[in-house]
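# After the sequence you'll find the predicted model.
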Amino acid sequence: MASKEIKYKELYKNNYQKVMRLCMGYTEGNEALAKDLAQETFIKVWQNLDNFRNESAIDTWIYRICVNTCLAEIRRERKKGNKQLVSDLQISGAIENSNDKEDMLVQLYKCINTLSSTNKAIILLELEGVPQLEISKIIGIKHEAVRTRIHRIKQQLTKCVNNE
């Protein structure tokens, strides 16, 4: 097997779940669309693997491809006027059944999707456990600004999830 194939398979194995979770955040929990975007991300990774310049960690590079792929999809959907809003799901403030965690995640995704595209990228990467310094490189803003934004985003999401 060629060395590019071996490297790609390792990258795919190590990053697929993270990319998929990031895509789920952008697609408001639409698993089919998230899988399509994750697949598109890894197609781009394969196509551009030889062009990777090692200027950042390869994981950072893959996240950047993923964020750009998801943002491009959002722009395409907006142009079509086809908005798949989680708000169509009737989410109650009081959670009473065994699907508490799932309901909270749906509510969280709904709130995340009210954020600007940059703030959405920041919080999804933060939730994924990406170090803040790496997030600053991916997004292209200063580390201090990322820290401040994360704090403000968390406050905003807390209010949104609690329907304040």
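Nice, I can see it. Numbers count the residues shown, from 1 in each chain.
# which outside residues touch stretch 143-150?
Asn119, Ile122, Ile123, Glu126, Gln132, Leu133, Ile135, Ser136, Ile139, Ile141 (Cβ atoms under 8 Å, 6 or more residues apart in numbering). C-betas here are computed from N, CA, C, even on glycine.
# now the last one, what's its secondary structure?
Looking back up the chat, that one is Ile141. Reduced to three states with DSSP: H, G, I helix; E, B strand; the rest coil, the structure at Ile141 is coil.
# That one: how many residues sit nearby?
Residues lying near Ile141 (other Cβ atoms under 10 Å) number 15.
# Give the other helices and strands that the least confident helix or strand in the chain by mean pLDDT contacts.
Lowest mean confidence among the helices and strands of the chain (mean pLDDT, DSSP states H and E): helix 100-112, at a mean of 75. In this structure, helix 100-112 makes packing contacts with helix 3-26, helix 117-127, helix 143-161, judged by 3 or more Cβ pairs under 8 Å, 6 or more residues apart in numbering; DSSP states H and E.
# Give me the buried stretch members for the first one, please.
Residues of helix 3-26 classed as buried under the neighbour-count rule (16 or more other Cβ atoms under 10 Å) are Leu11, Asn15, Lys18, Val19, Met20, Leu22, Cys23, Met24, Gly25, Tyr26.
# One more: the last one?
By neighbour count, and taking 16+ other Cβ under 10 Å as the criterion, the buried residues in helix 143-161 are Val146, Arg149, Ile150, Ile153, Gln156, Leu157, Cys160, Val161.
# Could I get these in a markdown table, plus columns for distance to Phe42 and pLDDT?
Formatted as a markdown table, the entries for those read as follows, by distance: Cβ to Cβ, whole Å; pLDDT from 0 to 100:
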| residue | distance to Phe42 | pLDDT |
| --- | --- | --- |
| Val146 | 26 | 93 |
| Arg149 | 28 | 93 |
| Ile150 | 27 | 91 |
| Ile153 | 28 | 91 |
| Gln156 | 32 | 90 |
| Leu157 | 29 | 87 |
| Cys160 | 32 | 88 |
| Val161 | 31 | 81 |
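# now the residues you listed as TSV including distance to Cys66?
Formatted as TSV, the entries for the buried residues of helix 143-161 read as follows, by distance: Cβ to Cβ, whole Å:
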residue	distance to Cys66
Val146	18
Arg149	19
Ile150	19
Ile153	19
Gln156	23
Leu157	21
Cys160	24
Val161	25
